[in-house]
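>>> Just a sequence and a predicted model for now, questions to come.
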Amino acid sequence: MEGFFLEYGNLLIRWLHVIAAIAWIGESFYFVMLDLSLHPPKGEHSKKLGVFGEMWSVHGGGFYHNQKYLTNPPELPPDLHWSFWKAYTTWLSGFGIFVLLYLLRADIYLVNPNSPWEWARNMTGMEAGTLAVLFLVVGYNIYSRLCRIISPTVNNDGWLSVAVAVMMVVTAWLTTQIFPGRAAFLITGALMATCMSANVFFWIIPGQRRMVKALKAGEKPNPLDGAWGKQRSVHNTYFTLPVIFLMLSNHYSFTYSNEYAWIIMALFIFAGGVIRQYFVLRHLGKNDLRYPAAGIITLALIGWIAAPAPAAAPVLGQAGSSAAAAVTVQQVHGIIAARCVECHSAKPTQAGFAAAPAGIMLDTEAETLQHAAQIKLVVGNQYMPLANLTQMTDDERAIIAAWSGQ
């Protein structure tokens, strides 16, 4: 029953997380589009009121007239709309999933027995979990410090973007050296998501509150409050697509189990950024195809790096059959039954699992055949079994590697 309630809690929190993320990203993308699509007001009345820009649109059977003021609206209604709970809910629910799936089983999911560093291989679950959380806390503080040092008055954002990009590449490399691949991708994505939510909590909303307070007091707001908020909001825009990829990557082992996983991660972050830049420019009426071209080229490069090496030519034995052909599904399934079915089963016996991880069940030979390619990949690169808890031997891995998958 404990495993069931853990799994059900995971389902509910994940559902909340996805709903909140859709709402936050959707609203964020809408305001980016709105902000970049504004035109100077044409009506004299709007100009006199201090309207900075306006946009007419049609949607849902009606017409909308959006107007933007900077720091001089003629009035502030009591029902002023704020955008922050979606961001907070997304982060809190995401961290809840991280606790349920990773921190509660940190000895399995966060300790990397294949790390090149001995201290990382020998970490306890508590130490690995603490280090993972520190990555989020320290990582955000480094990012925020870069913003304040390099572009404190929002006049040097180009160099700031370079510095943040370098920071993310370093993070990608560090996490893949310390943690198992899947956890490394998730922690890097969680760091970016933490920066996004913290930008809202520490910069965007407080700055907006100070502006509102000044206006209500009849004072002139500090223009830097708006500039800082806009700076962090722009960063959130470019973080969004990479974060979505990193959160989805745990379903695709060829990304995080590759020996060049940190390069794959960094390239996906770059691809997401340049693809987002294309849409940002589209809102400004520019159709710069260099950005989607750069994204497509980057994705093709990732595919080339992530693709498995061509299978070696079969070694013929005395009987004339190849070594791969000599390995039968019965042999492979015997290894799977001994080393993998404890978790990957319709009824897992491993404590904490109410259902097979990732929905992959290997109870029968037919199911082993169905997932042959995945089995060969994750067993071959030693990602599975996790932390080698079931003590799969090198000989058993060699048998699976020699299997044709048929």
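On my side now, so go ahead. Numbering: from 1, shown residues only.
>>> from here on, contacts and neighbour counts on C-alpha atoms
Will do.
>>> part of a strand, is residue 344?
No: assigned with DSSP: H, G, I helix; E, B strand; the rest coil, residue 344 falls outside any strand and is coil.
>>> Numbering from 705 from now on, please.
Sounds good: first residue 705 from here, last item residue 1048.
>>> how deep is it tucked in, by neighbour count?
Counted with other Cα atoms under 10 Å, the neighbours of residue 1048 add up to 23.
>>> for it, what are its contacts?
Neighbouring residues of residue 1048 by Cα atoms under 8 Å, 6 or more residues apart in numbering: 1059-1061, 1063-1067.
>>> Give me the phi and psi angles of it.
Phi and psi for residue 1048, reported as degrees, to the nearest 10, are phi -90, psi 70.
>>> ranges for the strands of the protein?
757-763, 766-772 (DSSP state E).
>>> Just want the angle from the first one to strand 766-772.
Taking axes from the mean of the first three to the mean of the last three Cα atoms, to 10 degrees, strand 757-763 and strand 766-772 form an angle of 160 degrees between their directions.
>>> Strand 757-763 - contacts with which helices or strands?
Here strand 757-763 touches strand 766-772, going by 3 or more Cα pairs under 8 Å, 6 or more residues apart in numbering; DSSP states H and E.
>>> Adding distance to residue 724 and mean pLDDT, write the strands of the chain out as a markdown table.
Formatted as a markdown table, the strands of the chain follow (distance: least, Cα to Cα, whole Å; pLDDT from 0 to 100):
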| stretch | distance to residue 724 | mean pLDDT |
| --- | --- | --- |
| strand 757-763 | 23 | 93 |
| strand 766-772 | 25 | 93 |
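>>> picking that back up, most surrounded residue in the contacts of residue 1048?
With neighbours taken as other Cα under 10 Å, the top of these is residue 1066, carrying 24 neighbours.
>>> wait, isn't that residue in contact with residue 1047?
No: assessed by Cα atoms under 8 Å, residue 1066 is found out of contact with residue 1047, at 9.1 Å.
>>> in the chain, which ranges drop under the pLDDT threshold?
For the chain, the stretches with pLDDT under 70 are 705-707, 1013-1029, 1054-1059, 1062.
>>> What number of residues are in the vicinity of residue 780?
Residues near residue 780, counting by other Cα under 10 Å: 11.
>>> just to revisit the earlier point, out of the contacts of residue 1048, the closest to residue 763 would be?
Of all these, residue 763 sits closest to residue 1063, with 39.9 Å by Cα to Cα.
>>> If you drop the residues flanking it in sequence, what lies closest to that closest one?
Spatial nearest neighbour of residue 1063, excluding adjacent residues (Cα to Cα, 6 or more residues apart in numbering): residue 1048 at 7.8 Å.
>>> Next one: that neighbour from residue 876, what distance?
29 Å (Cα to Cα, to the nearest Å).
>>> can you give me the helices for the stretch 905-1054 of the chain?
Assigned by DSSP state H, counting those that start in this stretch, the stretch 905-1054 of the chain shows helices spanning 909-920, 927-952, 957-960, 965-987, 994-1010, 1027-1030, 1033-1043.
>>> Tell me which of these sits nearest to residue 857.
Comparison of the helices of the stretch 905-1054 of the chain against residue 857 by Cα to Cα identifies helix 927-952 as nearest, at 7.0 Å.
>>> Report all helices and strands that that closest one contacts.
By 3+ Cα pairs under 8 Å, 6+ apart, helix 927-952 packs against helix 706-740, helix 885-902, helix 909-920, helix 965-987.
>>> make it 6 Å
helix 885-902, helix 965-987 (3 or more Cα pairs under 6 Å, 6 or more residues apart in numbering; DSSP states H and E).
>>> Dump those to CSV, plus mean neighbour count and distance to residue 997.
Formatted as CSV, these follow (neighbours: other Cα atoms under 10 Å; distance: least, Cα to Cα, whole Å):
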stretch, mean neighbour count, distance to residue 997
helix 885-902, 24, 24
helix 965-987, 21, 9
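>>> re the thing from before, and the residue nearest to residue 1063, how close does it get to residue 902?
In this view, residue 1048 and residue 902 are 37 Å apart by Cα to Cα.
>>> Likewise for residue 770?
Separation of residue 770 from residue 902 (Cα to Cα): 28 Å.
>>> ok, now which ones touch residue 960?
885-886 (Cα atoms under 6 Å, 6 or more residues apart in numbering).
>>> redo that, cut-off 10 Å
The neighbourhood of residue 960, defined by Cα atoms under 10 Å, 6 or more residues apart in numbering, consists of 880, 884-890, 950, 953-954, 966, 968-969, 1010, 1087.
>>> Check residue 1100 too.
Contacts of residue 1100 were listed using Cα under 10 Å, 6+ apart, and they are 1035-1036, 1038-1040, 1043, 1083, 1106.
>>> ok, now residue 752?
If you count contacts by Cα under 10 Å, 6+ apart, residue 752 has them with 745, 778.
>>> Over to residue 913?
Here residue 913 is in contact with 786, 919, 929 (Cα under 10 Å, 6+ apart).
>>> mind running it again at 8 Å?
For residue 913, no residue meets the contact criterion (Cα under 8 Å, 6+ apart).
>>> Please apply the same query to residue 950.
The contact partners of residue 950, by Cα under 8 Å, 6+ apart, come to 889-890, 892-893, 969.
>>> hmm, try it at 10 Å
Contact partners of residue 950, counting by Cα under 10 Å, 6+ apart, are 886, 888-894, 896, 959-960, 969, 972-973.
>>> Let me see the domain layout of the chain.
Taking automatic domain parsing as the reference, the chain has its domains at 796-1010, 1027-1106.
>>> Residue 749 and residue 755, how far apart?
Residue 749 is 9 Å from residue 755, where distance means Cα to Cα.
>>> So between the two, which is more surrounded?
More crowded of residue 749 and residue 755, by other Cα under 10 Å: residue 755, with 20 against 10.
>>> Relative to residue 807, how far out is residue 1044?
According to Cα to Cα, residue 1044 and residue 807 sit 22 Å apart.
>>> for residue 960, that is, sorry about that
Look at residue 960 and residue 807: by Cα to Cα, they are 19 Å apart.
>>> before we move on, back to that, out of the domains of the chain, which comes closest to residue 715?
Counting by Cα to Cα, residue 715 lies closest to domain 796-1010 out of the domains of the chain; the figure is 9.1 Å.
>>> Spit out the contact partners of the residue lying closest to residue 718 once chain neighbours are set aside.
Spatial nearest neighbour of residue 718, excluding adjacent residues (Cα to Cα, 6+ apart): residue 801 at 6.7 Å. Contacts for residue 801 were tallied using Cα under 10 Å, 6+ apart; they are 713-718, 721, 795, 807.
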